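Chemist: okay, here's the prediction I keep looking at, along with the sequence it came from:
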Amino acid sequence: MPPKRKSSASETSTKKKSKVWEPFDPSVPNNTTMPSEMSFSKAPEGGVKIASYNVSGLRASVKKGFHDYVKAEDADILCIQETKVHEALPDVIDKEQYKHMYWAFDDKKGYSGTAVFSKVEPEKVTYGLPDFDDGSKGRVISLFYPAFVLIACYVPNAGSELKNLDKKMEFDKYMEKYIRSLQKEGKPVIWAGDLNVAHTRDDIARPDTNERSAGFTIEERTDFSKVLAPTEDGQPGLIDTWRHFHPDTKGHYTYYSYRFQCRVKRIGWRLDYFVVTPDLMDKVVESSIRQEAWGASDHVPLVLILKDTKLEK
């Protein structure tokens with residue numbers, strides 16, 4: 001084997017320059033702490049605002065600005081994922097603001113967990129996926145309102161070296177089955193939360209080096225595409241609301257790893273979604289990523305605003 005050739009100074013300089021990351025959209029905020037003052041759009045009169053937020057540990061998030069975001073957003077329904085708690089923490093939310101609280105816990109202590117806080121009591125609440133008990137009770141809360149069914153969800157991660165990919169794909173199968181069953185019943189559906197997939201190359205900063213990374217495998221992206229496609233029996237595909245309004249936008253992500261200064265460099269993944277059945281799209285007036293609200297988690301919140309929609313009869 002011949003000895004390695006020593007690079008010249010000019011070559012070394014060129015190599016270094018080629019590795020410099022240039023964000024797709026340098027206007028995206030890259031603050032590293034949660035702002036103490038924020039102002040967000042409100043739902044129109046007679047409308048509904050729903051927020052979704054992976055808090056990456058609720059107790060830790062509360063110490064880093066969670067309350068500042070919740071107060072500023074003032075959503076009618078707030079869905080949170082990855083609470084990492086094993087019991088309800090009613091004191092972390094304003095009981096006067098959210099009188100109705102629903103908690104789901106994973107069997108593994110300090111792991112996963114979802115919660116939903118609502119200003120209006122839903123007609124019915126269920127936990128987990130029908131016919132799928134493998135951890136889904138701590139990941140899925142369905143709230144049945146007169147205008148829609150909200151599926152608040154934290155989809156499993158495929159894991160390091162994709163050790164949990166098969167389990168995730170099984171979860172995906174039952175989730176699609178559940179959504180299709182609600183469609184067949186004529187129920188409008190909102191599927192919200194950390195769905196743990198970057199669907200397209202535009203939803204991840206570095207697609208070329210992550211093709212076998214959890215969240216961007218072809219298997220996971222194909223599963224997500226199935227939900228967005230019509231079925232053979234005529235059920236329409238669902239709509240990724242943020243991508244619907246931003247079809248060609250790059251560089252807007254919902255997750256920025258704490259490692260390697262990813263937030264500062266604007267290197268992220270879009271893993272969090274509001275996906276809806278087409279019968280709701282004429283009511284959707286906003287689907288936004290709250291890019292400035294970073295610091296209480298490694299995710300940022302996202303919001304869906306509907307017009308002419310009531311949470312109660």
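Modeler: Okay, I see it.
Chemist: all contacts plus neighbour counts: C-alpha atoms, from now on.
Modeler: Noted.
Chemist: okay, now the nearest residue to Glu211 once chain neighbours are set aside: neighbour count?
Modeler: Residue nearest to Glu211 in three dimensions, not counting chain neighbours: Thr217, with 5.5 Å by Cα to Cα, 6 or more residues apart in numbering. If you count neighbours by other Cα atoms under 10 Å, Thr217 ends up with 18.
Chemist: residues contacting Val276?
Modeler: Neighbouring residues of Val276 by Cα atoms under 8 Å, 6 or more residues apart in numbering: Pro188, Val189, Ile190, Trp191, Leu238, Ile239, Asp240, Thr241.
Chemist: looks to me like the fourth one is in a strand.
Modeler: Just to be clear, that refers to Trp191. Yes - counting by DSSP: H, G, I helix; E, B strand; the rest coil, one finds Trp191 located in a strand.
Chemist: distance of the closest residue to Leu280 other than its chain neighbours relative to Met34?
Modeler: The shortest distance from Leu280 to any non-neighbouring residue, by Cα to Cα, 6+ apart, is to Pro188 (6.6 Å). Noted for Pro188: a distance of 34 Å to Met34, by Cα to Cα, to the nearest Å.
Chemist: report pLDDT for Ala9.
Modeler: In this model, Ala9 is scored at 43, pLDDT.
Chemist: now the strands: where do they sit in the stretch 1-150 of the chain?
Modeler: Applying DSSP state E, counting those that start in this stretch to the stretch 1-150 of the chain gives strands spanning 48-54, 77-81, 100-104, 114-118, 124-127, 140-144, 149-154.
Chemist: quick check: which of the ones you listed is nearest to Ser160?
Modeler: Closest approach to Ser160 among the strands of the stretch 1-150 of the chain (Cα to Cα): strand 149-154, 17.5 Å.
Chemist: low-confidence ranges in the stretch 1-150 of the chain?
Modeler: By pLDDT under 70, the low-scoring segments of the stretch 1-150 of the chain are 1-19.
Chemist: just the stretch 151-300 of the chain next, same as before
Modeler: The stretch 151-300 of the chain contains no residues with pLDDT under 70.
Chemist: now the strands for it?
Modeler: 189-194, 239-240, 272-276, 284-289.
Chemist: tabulate these (a markdown table), appending distance to Asp106.
Modeler: Shown next, in a markdown table, are those (distance: least, Cα to Cα, whole Å):
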| stretch | distance to Asp106 |
| --- | --- |
| strand 189-194 | 16 |
| strand 239-240 | 27 |
| strand 272-276 | 20 |
| strand 284-289 | 27 |
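Chemist: out of those, the one nearest Phe148 is which?
Modeler: When these are compared by Cα to Cα, strand 189-194 sits nearest Phe148, at 5.5 Å.
Chemist: what lies in contact with that closest one?
Modeler: Applying Cα under 8 Å, 6+ apart, the external contacts of strand 189-194 come out as 52-54, 79-81, 148-155, 179, 182-183, 271-277, 280.
Chemist: okay if I get the contacts of Val276 as TSV plus distance to Arg290 and neighbour count?
Modeler: As requested, the contacts of Val276 are exported to TSV (distance: Cα to Cα, whole Å; neighbours: other Cα atoms under 10 Å):
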residue	distance to Arg290	neighbour count
Pro188	25	20
Val189	23	24
Ile190	19	24
Trp191	18	22
Leu238	23	26
Ile239	20	20
Asp240	16	19
Thr241	14	22
